[in-house]
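Peer 1: Have a look; sequence and predicted model below, questions after that.
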Amino acid sequence: MRSMMPQTRRSPWRGGPQPMQSIDFDTRSVFIGGQWQPASFGRTLPLLNPSDGNELTQIARGSPAEIDAAVHAAQAAFDGPWGQLTAAERGRILLRMSTRVAELADVLARMEALDVGKPVKQGLADALALARYLEFYGGAADKVMGETIPFANGYTALTLREPHGVTGHIVPWNYPMQIIGRSVGAALAMGNACVLKPAEEACLTALAFARIAHDCGLPAGALNVVPGLGDEAGAALSRHPGIHHVSFTGSVAVGQLVQAAAAKNAVPVTLELGGKSPQIVFADADLDAALPFLVNAGIQNAGQTCSAASRILVEQPIFDKVVKLMGERYRALRVGPAIEDLDVGPLISQRQKEVVSNYLAIARDSGLRVAGQATLPANLPAGGCYVAPTLLAPVRDDHRLAQEEIFGPVQVVMSFDGEADAVAQANGTPYGLVAGVWTRDGGRALRVARRLRCGQVFVNNYGAGGGIELPFGGVKHSGHGREKGFEALYGFSALKTIAIKHD
Ligand code: NAD
C-alpha cells in the first residue's frame with residue numbers, strides 16, 4: 001500500500017512576494033484523486049535546469065502502479081461528483097482556473113523558464129495562453145450541442161455529444177502549459193476525467209496546474225498528474241484498458257508506439273507530431289512585414305516548436321535579398337540563460353544539444369553555407385545546453401537538413417521558381433503541419449493555400465499569435481485529429497444517435 005503523505009517537502013515555487021502569489025505543491029509527488037503522494041518506493045528523477053545544467057529539484061518517477069491508480073481515480077470521478085456536474089458548472093470551474101492561472105502567470109513563467117530553458121517572456125506567453133484556453137473551453141462547455149435529424153415518419157432522431165470517459169494526455173517538454181491547455185482544457189470541458197503524463201524533462205507547471213485546479217474546485221480525480229519516464233509511465237498510460245481516448249503530443253516514433261498500444265484497446269487517439277513547416281515568400285511579398293515572422297518562427301523557443309518554420313522557400317528574384325536580411329537578424333540574436341530573458345535560451349537537454357550539433361556537423365560536412373549565425377557569449381554557464389542559432393542558405397530540397405525535423409534554432413532557405421515549384425517543395429517532406437504564404441496577390445494566396453498538404457496555412461502572417469480558436473493538427477507524419485478551437489471538443493467526445501419511434 002502506498003502511504004498518503006502530507007506535503008512535507010515543499011517546492012521552491014512558493015516564493016512570491018505575497019501568499020497570493022505562491023503555488024504550493026510537492027515536486028516529488030504524483031497527484032492522484034486529489035491527493036499528493038510519492039511514487040512507488042519513493043522513486044524520483046532529477047530535474048535539470050537547461051540554462052546551467054544544475055539540478056533544480058527531484059520529481060516523482062511514476063510507475064505503472066501510479067498510472068493504474070490514476071485511471072481508477074479518474075473513473076471514480078467520472079462516475080461520481082465530476083460526472084454529475086452540469087456543463088455550465090464544469091465551465092465555471094474552468095473559468096475560475098483561467099483567472100487563477102492569469103493571476104499566477106508571472107510565477108508560472110519563471111517556473112517554466114527554469115524548467116524548460118525558455119526566455120521568461122515566452123513562459124509568460126505560454127501561461128497566458130493556458131489561461132486563454134481555459135477561458136475558451138470554460139465558455140464553450142455548455143455550448144456543444146447535438147442535432148435533430150429529418151428521418152422516417154413516426155420517428156424523432158437526434159444526436160448527443162458525450163464525453164469519452166477517462167482520457168489520457170501525454171505531453172512533451174517544449175510547451176507544457178500550452179499543450180495542457182489545449183488538450184486537458186478541452187477534455188475537461190466535455191466532461192472527461194483526465195490522466196496527464198507530463199514529460200520527464202519538464203513537469204513543474206503540470207504539477208502547479210494540478211494544484212491550481214484543485215484550489216479552484218475541480219473535483220478530486222477529474223485531473224490526475226503522474227510524472228515519470230516515457231517508456232514506463234507513458235507506455236503504461238497508452239496501453240491501459242481503462243483509458244477511453246489518448247491525446248499524444250510528441251515525436252513521430254513515440255506517437256506510432258502510442259497508437260499501436262491504444263489500438264489494442266480499440267480506443268481513439270489524437271496524434272500531434274512533428275513538422276518541417278515551410279514559409280513561402282513570393283517576390284511580391286511585403287518583406288518588412290514578413291521578416292520578423294520568417295526568423296522568429298525558426299528561433300522561438302530555441303527552435304523547439306512543432307510548428308517551427310524550419311524551411312523558408314523564397315522566390316528566385318528576391319532570394320539573395322531575403323537571405324541577406326535574415327542573416328543580419330541572426331547575427332543580432334542574443335543567446336543566454338532563460339531567466340535573463342533574451343532572444344534565445346538553451347535547448348532542453350544535452351541530448352537535444354547533441355542532436356542539433358550533429359545536424360550542424362552534417363551541414364558543415366556537406367558544404368552548406370552559413371548565411372547568418374548568432375555569437376554565443378563567452379561567459380555562458382558551462383553546463384548549459386546552448387547552440388548558436390544558424391541560418392543555412394542555399395539548401396537543396398532533398399538535403400537532409402531540408403527534410404528532417406531538427407528541433408533546434410536552425411533554418412534552411414531554399415529558392416523556388418513559380419507557384420507550382422513552391423507547392424511541390426512545400427509539400428515535399430514526410431510532414432504536413434503548418435505553412436505560411438507571403439504574397440500581395442490574393443488569388444495566388446488562396447490557390448497556394450488550397451494546394452498545401454498540411455493542417456494550417458497562414459497568409460501574410462505565421463501562427464496568428466497562437467490562435468487558440470483555430471483548429472490545429474497535422475496530416476502525413478505530423479499526425480491526425482485536431483486540437484484547439486471548437487473542433488477539439490468534438491475530438492474529446494463521442495457522438496450518440498437516438499432514434500425514438502413515437503407513431
Ligand atoms: P517524445 O515523443 O520523446 O516525448 C513526448 C512524450 O511522450 C513525453 O511525455 C514522453 O515521456 C512520452 N513518451 C516517451 N516514450 C514513450 C512511450 N514509449 N510510450 C508513451 N509515452 C512515451 O517527444 P519530445 O522529444 O518530448 O518532443 C519533441 C517532439 O514533439 C517533436 O517531434 C515535436 O515536433 C513534437 N511536438 C509536436 C507538437 C504538435 O502539436 N504537433 C507539439 C509539441 C511537440
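Peer 2: Looks like it came in fine.
Peer 1: and the spatially closest residue to Thr429 that is not a sequence neighbour, helix, strand or coil?
Peer 2: In this structure, Thr429 finds its nearest non-sequential neighbour in Lys276, 4.5 Å apart by Cβ to Cβ, 6 or more residues apart in numbering. (Each C-beta comes from the backbone N, C-alpha and C, glycine too.) Reduced to three states with DSSP: H, G, I helix; E, B strand; the rest coil, the structure at Lys276 is coil.
Peer 1: wait, what's in contact with Lys276?
Peer 2: Neighbouring residues of Lys276 by Cβ atoms under 8 Å, 6 or more residues apart in numbering: 310-311, 402-405, 429-431.
Peer 1: That one and Phe293: what is the separation?
Peer 2: 17 Å (Cβ to Cβ, to the nearest Å).
Peer 1: now Phe41
Peer 2: Taken as Cβ to Cβ, the span from Phe41 to Phe293 is 49 Å.
Peer 1: so where does Asp115 fall, helix or strand?
Peer 2: helix 105-116 (DSSP states H and E).
Peer 1: got the contact list for that helix?
Peer 2: By Cβ under 8 Å, 6+ apart, helix 105-116 touches 13, 16, 21-23, 47, 49-51, 56, 101, 118-124, 126-128, 130-131, 173-174, 176-177, 201-205, 208, 338-339, 341, 345, 348.
Peer 1: what residue lies at the spatial centre of the chain?
Peer 2: Ile179 (3.7 Å; Cα atoms, centre = their mean).
Peer 1: okay but it is in contact with Thr249, surely?
Peer 2: Yes: between Ile179 and Thr249 there is a contact at 5.1 Å, judged by Cβ atoms under 8 Å.
Peer 1: near the ligand, which residues of the stretch 351-500 of the chain?
Peer 2: Within the stretch 351-500 of the chain, the residues that sit near the ligand (Cβ under 6 Å from any ligand atom) are 405, 407, 433, 479.
Peer 1: Arrange the residues you listed in CSV, one row each, with secondary structure and neighbour count as further columns.
Peer 2: As requested, those are arranged in CSV below (DSSP: H, G, I helix; E, B strand; the rest coil; neighbours: other Cβ atoms under 10 Å):
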residue, secondary structure, neighbour count
Glu405, coil, 24
Phe407, coil, 24
Leu433, coil, 25
Gly479, strand, 28
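Peer 1: So which of those residues is the closest to Gly185?
Peer 2: Gly479 (18.9 Å; Cβ to Cβ).
Peer 1: The closest one pairs with what?
Peer 2: Glu272 (DSSP bridges).
Peer 1: How is the protein divided into domains?
Peer 2: Here the domain parsing of the chain from automatic domain parsing is 19-272+482-495, 278-466.
Peer 1: Just name the most buried of the ones you listed.
Peer 2: Highest mean neighbour count of the domains of the chain: domain 19-272+482-495, a mean of 21 (counted as mean count of other Cβ atoms under 10 Å).
Peer 1: Look up how far the ligand lies from Gly255.
Peer 2: Here the distance between Gly255 and the ligand works out to 7 Å (Cβ to the nearest ligand atom, to the nearest Å).
Peer 1: ugh, typo on my part, it should be Pro409
Peer 2: Distance from Pro409 to the ligand, counting by Cβ to the nearest ligand atom: 14 Å.
Peer 1: cool, and Pro119?
Peer 2: The value you get for Pro119 to the ligand, if Cβ to the nearest ligand atom is used, is 18 Å.
Peer 1: Would you mind confirming that that residue is in contact with Asp343?
Peer 2: Yes: at 7.2 Å, Pro119 and Asp343 qualify as touching, with contact defined as Cβ under 8 Å.
Peer 1: can you tell me which helix in this protein is longest?
Peer 2: Longest helix of the chain, by residue count under DSSP state H: helix 120-140.
Peer 1: Check which element follows it along the chain.
Peer 2: Next helix or strand after helix 120-140 toward the C-terminus (DSSP H and E): strand 148-149.
Peer 1: what's in contact with that following strand?
Peer 2: Defining contact as Cβ under 8 Å, 6+ apart, one finds that strand 148-149 is touched by 156-159, 497.
Peer 1: go with 10 Å
Peer 2: The list of residues contacting strand 148-149 from outside it, by Cβ atoms under 10 Å, 6 or more residues apart in numbering, reads 155-159, 497-499.
Peer 1: Filter the residues you listed down to just the ones in strands.
Peer 2: The strands, defined by DSSP state E, take in 155-159, 497-499 from the contacts of strand 148-149.
Peer 1: Let's see the pLDDT reported for Met20.
Peer 2: pLDDT recorded at Met20 is 42.
Peer 1: wait, I meant Asp284
Peer 2: 98.
Peer 1: correct me, but it touches Gly442?
Peer 2: No: applying Cβ atoms under 10 Å, one finds Asp284 not in contact with Gly442, separated by 11.1 Å.
Peer 1: And Asp68, how far from the ligand?
Peer 2: Using Cβ to the nearest ligand atom, one gets 15 Å for the distance from Asp68 to the ligand.
Peer 1: Low-confidence regions, this structure specifically.
Peer 2: Filtered on pLDDT under 70, the chain yields the residue ranges 1-21.
Peer 1: at 90 what do you get?
Peer 2: 1-22, 465-466 (pLDDT under 90).
Peer 1: what does the stretch 51-200 of the chain put close to the ligand?
Peer 2: Taking Cβ under 6 Å from any ligand atom as the test, the list of the stretch 51-200 of the chain residues beside the ligand reads 170-175, 197, 199-200.
Peer 1: Next, format these as TSV and append secondary structure.
Peer 2: Formatted as TSV, these follow (three-state DSSP):
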residue	secondary structure
Ile170	strand
Val171	coil
Pro172	coil
Trp173	coil
Asn174	coil
Tyr175	coil
Lys197	strand
Ala199	strand
Glu200	coil
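Peer 1: In contact with the closest residue to the ligand within the stretch 301-450 of the chain, which residues?
Peer 2: The ligand sits closest to Cys306 of the stretch 301-450 of the chain, with a gap of 3.0 Å, by Cβ to the nearest ligand atom. Taking Cβ under 10 Å, 6+ apart as the criterion, Cys306 is in contact with 172, 174-175, 179, 249-251, 272-275, 277, 405, 407, 431, 433-434, 472, 474, 478-479.
Peer 1: tell me the secondary structure for it?
Peer 2: Under three-state DSSP, Cys306 comes out as coil.
Peer 1: Give me the distance between the closest residue to Gly34 other than its chain neighbours and Ala236.
Peer 2: In space, and not counting its chain neighbours, Gly34 is closest to Ala220: 2.7 Å by Cβ to Cβ, 6+ apart. Distance, Ala220 to Ala236, by Cβ to Cβ: 21 Å.
Peer 1: Tell me which other helices or strands the host helix or strand of Asn224 touches.
Peer 2: Per DSSP H and E: Asn224 is located in strand 223-225. Under the contact criterion of 3 or more Cβ pairs under 10 Å, 6 or more residues apart in numbering; DSSP states H and E, strand 223-225 touches strand 29-32, helix 64-79, strand 166-170, helix 176-189, strand 193-197, helix 204-215.
Peer 1: helices or strands next to the next helix or strand after the second one in the packing?
Peer 2: Where DSSP H and E defines the elements, the next helix or strand beyond helix 64-79 is helix 81-84. Helix 81-84 is packed against helix 64-79, helix 87-103, strand 193-197, with contacts defined by 3+ Cβ pairs under 10 Å, 6+ apart.
Peer 1: In CSV: the ones you listed, plus distance to Ala140.
Peer 2: CSV is the format used below for those (distance: least, Cβ to Cβ, whole Å):
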stretch, distance to Ala140
helix 64-79, 20
helix 87-103, 7
strand 193-197, 17
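Peer 1: ok so, going back, give me the common contacts of Pro119 and Asp343.
Peer 2: 300, 302, 334-336.
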